[in-house]
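Trainee: Need coordinates for the following:
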Amino acid sequence: MIGRPRFRLDPALAVLMAVALALALAVAAALPLLDPDEGRNAEVAREMAASGDLVVPHLAGMPYLDKPPAFFWAAALAVRLFGHSPLAARLPSLVAAALTLALFAIRAQRSGGARFARIAVALLGAAPLFLALSAYVIFDMLLTLCVTVVWLGLAAEVTGGASARVRAWMFLFLGLGLLVKGPVMLAWALGGSACAALFSRSRTPLRWLAWWPGWALALGLAGGWFALAVARHPEYPHYAFLEESLERLTSNSFHRDQPWWFVPAVLIGGTLPWSLHTPWSRAHLSRAPEAVRASSVVALGFVAFAAVFFSASHSKLVTYLLPAVPALAWLAAAMWFEAAPQRRSGWIAAALLGATAWALLHVTLTASLFAGRAGPAHALETLPLVIAVTHTLPFAVAVMVAAAGVCVFAARTRQPGTALGAALIWFPTLVVAGLAMLAPLARAFRLPSGAGLARAVAAAGPGSVRYERCYSPGTDFLLGRPSTLVSAEGAETTSNYQWRYRSSLAARGLWTPSASPSESDSARFVVRPRSEAGTPPPPGGEAFFMDARFVAYRIGAPAPR
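Mentor: The predicted model follows:
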């Protein structure tokens, strides 16, 4: 009996995935945790790891039910294994990106062969939005993995027939997606399938939704946690379904509304350069094999859902569009399967590369001139950045100019494939150049990170920290210990759930901020907003740290001589 041929991953695919993940890993290791999002999510994971409470996440010692716990489970495990480092907090996103690339590559090779898979993986791995968020402590990369499993499984069903095993995986990741970001995962699954059915003019993309064992698996997984959370916090259903979901979509109460062009701008900008120079047309798609074309219809359905759903929503962030990027990369790869000889792609890629080279050269010359004119007072602050810029960007300029020349040659000889290969180095080159400048850029542009404060507190000796009218969750994470918070309403934690339900939490003894410093508070360090630097310090306090956001005082420090 002849069995199914054993699948062998193309070695070039493994190399492409390794390069993409190596770039993401380098960024994750070099960039400090950014407040509020990264620092907050990392600190929630640290508190979960410390408390062992896997049902209700906590922030600043208070319930944090803004999001379900799946991402925090993964991050808490990483913190337990690897400690309180930015890389540990970013590990769940890195692993999710690796799994997304791997599943994407396997499905692409099975549908269109090794060459198609190489193109698809190269497009996805070089997409700025995908590569950047692979190293970010946020929920959307894990959600992207869940959405990708669903639409890849649906593509497999459309091209090869229904499979109970594939459907089980689809519903398992549907349930996991519900535990990552709540009802929006359900919207992705239902909306993407409906749009795929509309474009294919077939009910086949909808049939998996009638498989009741899968719903039992998905809803049982997410519903089990939901029931445990509601038992401890009865107000949670109102917050999760009405405030966090419906209100977020239909009103601007979260202050995240954007203009009509926001979604297309993010999809185009987040997938440069191939979003512009891919030969998008039905004629190019028709040259791809049947399995690739059928899968492309499914991918188009999920991209179309994202465009419509998030354009209609009154809550828009760049990260919300990330789950659409793998489907968009599949569509673009299908257009490149047998791209007809043409000049357009080469000229567009050459223009983008040339414009980038000119901009980087301008930045280099400006930095050199600024360094020459800067006075001694600014020399120490600007010198590290100037050195990084003048030593790094010329390399990037040379690479961009060379790639632009290749694209011009490709345009003149009508070789779109050559232009594609040259253009795909655009964002990876920027990442490599940026790695050498991350530290001085963070200092020069004063990125909102708690790393500086954490280093200063750790160097000043042991003792607890008290925040007054401010908060840095990233500092608590890096120090590996909680702090106390003095706040009128607790808005400093940037938690909508905590802010909206502060009265209820206080009535149940779950509210930790105090309106004023307690006499029993023996904090050794007091942190206040930078805007209060000119006010009298706390009793017995001496300032020992100041940055763009905070001024920190050491209590009981010896008076200066």
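
Trainee: Could you use CA atoms for every contact and neighbour count after this?
Mentor: Noted.

Trainee: To which secondary structure element type does residue 143 belong?
Mentor: The assignment at residue 143 comes out as helix when based on DSSP: H, G, I helix; E, B strand; the rest coil.

Trainee: Same check on residue 279?
Mentor: Assignment for residue 279 (three-state DSSP): coil.

Trainee: Residue numbering should commence at 29 henceforth.
Mentor: Okay, residue one is now 29; in that scheme the one you just asked about reads as residue 307.

Trainee: what number of residues lie near it?
Mentor: 20 (other CA atoms under 10 Å).

Trainee: can I assume it is in contact with residue 365?
Mentor: No - under the criterion of CA atoms under 8 Å, residue 307 makes no contact with residue 365, lying 10.6 Å away.

Trainee: for the stretch 379-528 of the chain, what spans make up the strands?
Mentor: 493-496, 512-514 (DSSP state E, counting those that start in this stretch).

Trainee: Likewise for the chain?
Mentor: Per DSSP state E, the chain carries strands over the ranges 86-87, 90-91, 493-496, 512-514, 553-557, 569-574, 578-583.

Trainee: which one of those lies closest to residue 531?
Mentor: strand 90-91 (12.4 Å; CA to CA).

Trainee: what about the protein, any weak spots by pLDDT?
Mentor: 29-33, 280-283, 397-413, 415-416, 466-474, 547-548, 585-589 (pLDDT under 70).

Trainee: repeat that for 80
Mentor: Flagging of the chain using pLDDT under 80 yields the residue ranges 29-35, 273-285, 394-419, 464-475, 546-549, 585-589.

Trainee: Name the residue closest to the centre of it, please.
Mentor: residue 161 (3.3 Å; CA atoms, centre = their mean).

Trainee: Can you tell me what sits against stretch 145-160?
Mentor: Stretch 145-160 has contacts (CA atoms under 8 Å, 6 or more residues apart in numbering) with 40-41, 44-45, 48, 51-52, 129, 132-134, 136-137, 297-302, 350, 353-354, 357-358, 360-361, 364, 452-453, 455-456.

Trainee: Going by neighbour count, which of these are buried?
Mentor: Neighbour counting by 16 or more other CA atoms under 10 Å classes 41, 44-45, 48, 51-52, 129, 132-134, 136-137, 297-302, 350, 353-354, 357-358, 360-361, 364, 452-453, 455-456 among these as buried.

Trainee: Just the ones of those residues in helices?
Mentor: Cross-referencing these against helices under DSSP state H gives 41, 44-45, 48, 51-52, 129, 132-134, 136-137, 297, 302, 353-354, 357-358, 360-361, 455-456.

Trainee: The residue nearest to the centre of the chain reaches residue 169, doesn't it?
Mentor: Yes - counting by CA under 8 Å, residue 169 is a contact partner of residue 161 at 6.7 Å.

Trainee: Quick check: neighbours shared by those two?
Mentor: In contact with both residue 161 and residue 169: residue 121, using CA under 8 Å, 6+ apart.

Trainee: now do the same end-to-end measure for stretch 49-65.
Mentor: 22 Å (CA to CA, to the nearest Å).

Trainee: Now do residue 198 against residue 183, distance only.
Mentor: Per CA to CA, residue 198 is found 11 Å from residue 183.

Trainee: My error: substitute residue 247 in the last question.
Mentor: Taken as CA to CA, the span from residue 247 to residue 183 is 23 Å.

Trainee: Same drill for those two, tell me which one is more crowded.
Mentor: Taking neighbours as other CA under 10 Å, residue 247 and residue 183 compare with residue 183 leading, 25 against 18.

Trainee: Skipping adjacent residues, who's closest to the more buried one in space?
Mentor: Among residues not flanking residue 183 along the chain, residue 323 sits closest, at 4.8 Å (CA to CA, 6 or more residues apart in numbering).

Trainee: Kindly report the same for residue 352.
Mentor: residue 331 (5.4 Å).

Trainee: What's the local residue count around the one you found?
Mentor: Using other CA under 10 Å, residue 331 has 25 neighbouring residues.

Trainee: check contacts around it.
Mentor: Residue 331 neighbours (CA under 8 Å, 6+ apart): 220, 352-353, 355-356.

Trainee: Columns distance to residue 214 on top of those, output as a markdown table?
Mentor: As requested, the contacts of residue 331 are exported to a markdown table (distance: CA to CA, whole Å):
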| residue | distance to residue 214 |
| --- | --- |
| 220 | 10 |
| 352 | 15 |
| 353 | 18 |
| 355 | 17 |
| 356 | 20 |
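
Trainee: Closest one of those residues to residue 417?
Mentor: Closest approach between those and residue 417, by CA to CA: residue 353, at 30.8 Å.

Trainee: pretty sure that closest one is in contact with residue 302, am I right?
Mentor: No - the criterion here is CA under 8 Å, and residue 353 misses it with residue 302 at 11.8 Å.

Trainee: who touches both of these two?
Mentor: With CA under 8 Å, 6+ apart, residue 353 and residue 302 have no common neighbours.

Trainee: and stretch 258-277, which residues are buried?
Mentor: 264, 267-268, 271-273, 275-277.

Trainee: Check stretch 559-567 too.
Mentor: Neighbour counts over stretch 559-567 (16+ other CA under 10 Å) mark residue 565 as buried.

Trainee: residues in contact with that stretch?
Mentor: Contact with stretch 559-567 is made by 554, 571, 577-579, 581, 583, as judged by CA under 8 Å, 6+ apart.

Trainee: Could you point out which of those residues is nearest to residue 293?
Mentor: residue 577 (31.1 Å).

Trainee: hmm, back to that, mean neighbour count for the strands of the stretch 379-528 of the chain - can I get that in JSON lines?
Mentor: Listed next are the strands of the stretch 379-528 of the chain as JSON lines, based on neighbours: other CA atoms under 10 Å:
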{"stretch": "strand 493-496", "mean neighbour count": "23"}
{"stretch": "strand 512-514", "mean neighbour count": "22"}
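
Trainee: Distance to residue 285 added to those, as TSV?
Mentor: Formatted as TSV, these follow (distance: least, CA to CA, whole Å):
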stretch	distance to residue 285
strand 493-496	31
strand 512-514	31
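
Trainee: Figure out which of these is closest to residue 234.
Mentor: Nearest to residue 234 among the strands of the stretch 379-528 of the chain is strand 512-514; the distance by CA to CA comes to 50.2 Å.

Trainee: Done for today, thanks.
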